[in-house]
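Undergrad: Below are the sequence and a predicted model; questions follow.
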Amino acid sequence: EVQLVQSGAEVKKPGATVKISCKVSGYTFTDYYMHWVQQAPGKGLEWMGLVDPEDGETIYAEKFQGRVTITADTSTDTAYMELSSLRSEDTAVYYCATDLGTIASGGEYYFDYWGQGTLVTVSS
Amino acid sequence: DIQLTQSPSFLSASVGDRVTITCRASQGISSYLAWYQQKPGKAPKLLIYAASTLQSGVPSRFSGSGSGTEFTLTISSLQPEDFATYYCQQLNSYPIAFGQGTRLEIK
């Protein structure tokens, strides 16, 4: 059974950095891109970026470029999303999600399995 | 960037109804479109990809169609568990983008 288990809720002050983990099981971690998606309270979904766990290559949405770092640790089958210079607008639930297609096939860029979400609250 | 506009944003319907949600892209995206269902407090669930391919395990009452700039998600006969928010998503070009969502509520 495929599982993506994310780290727990965080409360951060403006200007701080948050790092969220996403531990996977039930499939070969390095075979699929891992994506991260932001959802502000009561709002829609926003794609942040992806990582190729095999070689660490990343692609980031321009909105988050410069503040987001997505990494993967193949020794623990865990992906990470770090967001810096936090501001109140970053208060949101953050999800990790696996790609539907394998990297070997070029990926599909549809989001198949999802983590349970991690709430990050930015407040002074 | 490609913008996706869903209509309606809010839909009230009854169990057994047939409903259709539309997603319009600001430029052509071929068939690079997916539909997700999200229930409160839960992660989204992939329903349809490549505009019309039903994801494994998704009931056949869900169907998708369209290409280019206009797409539809149809639920042929609403069930109680279908009341949720639905999002479309394009992957034709970066940044990957979602529509604003359609909230489907019980009448």
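TA: Thanks, I have the structure now.
Undergrad: need the contact list for residue 103.
TA: Picking chain A for this. A:30-33, A:52, A:54 (C-beta atoms under 8 Å, 6 or more residues apart in numbering or on different chains). Every C-beta, even on glycine, is put in place using the N, C-alpha and C of the backbone.
Undergrad: my bad, the chain I had in mind was chain B
TA: B:9-11, B:85.
Undergrad: what does residue A:46 give?
TA: The contact partners of residue A:46, by C-beta under 8 Å, 6+ apart, come to A:37-40, A:61, A:63, B:98.
Undergrad: Highest neighbour count among those residues?
TA: Across these, neighbour numbers were computed from other C-beta atoms under 10 Å in any protein chain shown; residue A:37 holds the maximum, 25 neighbours.
Undergrad: hey, where'd the strands end up in chain A?
TA: Remark: strands assigned in chain A by DSSP state E are A:3-6, A:10-12, A:18-25, A:34-39, A:45-51, A:58-60, A:68-73, A:78-83, A:92-99, A:111-114, A:118-122.
Undergrad: Can you say which of those is nearest to residue B:18?
TA: Closest approach to residue B:18 among the strands of chain A (C-beta to C-beta): strand A:45-51, 25.9 Å.
Undergrad: beta partners for residue B:4?
TA: Beta bridges link residue B:4 to residue B:25, judged by DSSP bridges.
Undergrad: and it, how many neighbours?
TA: Neighbour tally, residue B:4, other C-beta under 10 Å: 21.
Undergrad: Hmm, it is touching residue B:23, no?
TA: Yes - the pair residue B:4 / residue B:23 is scored as a contact, 5.6 Å apart, by C-beta atoms under 8 Å.
Undergrad: Give the residues shared as contacts by these two.
TA: By C-beta under 8 Å, 6+ apart, residue B:4 and residue B:23 have these common neighbours: B:88, B:99.
Undergrad: Which one of the strands of chain A lies nearest to residue B:42?
TA: Here strand A:111-114 is closest among these (C-beta to C-beta), at 8.8 Å.
Undergrad: Could you look up the SS state of the residue nearest to the spatial centre of chain B?
TA: In chain B, the centroid-proximal residue (C-alpha atoms, centre = their mean) is residue B:35; its distance is 3.8 Å. Counting by DSSP: H, G, I helix; E, B strand; the rest coil, the backbone at residue B:35 sits in strand.
Undergrad: Pull the contacting residues for it.
TA: Applying C-beta under 8 Å, 6+ apart to residue B:35 gives the contacts B:23, B:46-49, B:62, B:64, B:73, B:86-89.
Undergrad: before we move on, what about residue B:102?
TA: So residue B:102 contacts B:6-11, B:21, B:85-87 (C-beta under 8 Å, 6+ apart).
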